[in-house]
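> prediction below, plus the sequence it came from.
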Amino acid sequence: MDTVNHFFTRATALHARSEYALGFVVCMWLMISHWSELDVLQAILLFAYIDLIGTVPGLWAYIRSPNGQISKVYYHVYNFLHSFVTQGVVMIAYVGLFGWQWCLLGIPTHLFIDRFLFNNYPKPLGVAFDPVKHPVFAKFEREYAEFDSGSVDWKAVKKNENSLTGRR
């Protein structure tokens, strides 16, 4: 993935997932190493509330829908609750109200697990709420696999792209 090609290849997805796996390991190590100071119930609640609010209602609507079409509100709620920015603000507010507590690591642990174990990222509005390969993406993957990138003059492609958009 880069600034103009918004997709992962198998290799780049594995690379990103390995980074999130490291974040998960660090959070778990910190919680375990501070076990005596960890409020386990509160850590579980902070871990779980993200899905209880952000995933369960949308998944329930998806399951009940005859064709999988659900309100885009569920996508927005999912993306909002599964955002490191949102959860960073939640953690800052929590610290401001109650002070630092090790249970707060339940929040990034949830997000790291979603990214590394389940490969879940923000949900685009044009895909199924419960992951199903988009037919257009399946076609793209086939074409990308057959594409010989070694035979492309990338500078000519960029020059042509820039001339079409008026950029320099």
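Right, received. Where do you want to start?

> so for F8, what's the nearest residue that isn't a sequence neighbour?
In space, and not counting its chain neighbours, F8 is closest to M1: 5.4 Å by Cβ to Cβ, 6 or more residues apart in numbering. Quick note: C-beta positions are derived from backbone N, CA and C, even for glycine.

> wait, the one you found touches T12, no?
Yes - if you go by Cβ atoms under 8 Å, M1 and T12 touch, sitting 5.9 Å apart.

> returning to that earlier point: what's near enough to touch the residue nearest to F8?
7-8, 12 (Cβ atoms under 8 Å, 6 or more residues apart in numbering).

> quickly name whichever of these is closest to I107.
Checking the contacts of M1 against I107 with Cβ to Cβ, the nearest one is F8 at 24.3 Å.

> okay, and that closest one sits in which element?
Under the criterion DSSP states H and E, no helix or strand holds F8.

> doesn't A16 make contact with it?
Yes - counting by Cβ under 8 Å, F8 touches A16, with 6.7 Å between them.

> for the residue nearest the centre of the chain, what are phi and psi?
Most central in the chain under Cα atoms, centre = their mean is Y121, positioned 1.9 Å from the mean C-alpha point. Dihedral angles of Y121 (phi, psi; degrees, to the nearest 10) stand at phi -120, psi -180.

> A138: which of the contacts of M1 is nearest?
Distances from A138 to those, taken by Cβ to Cβ, are shortest for F7, at 12.4 Å.
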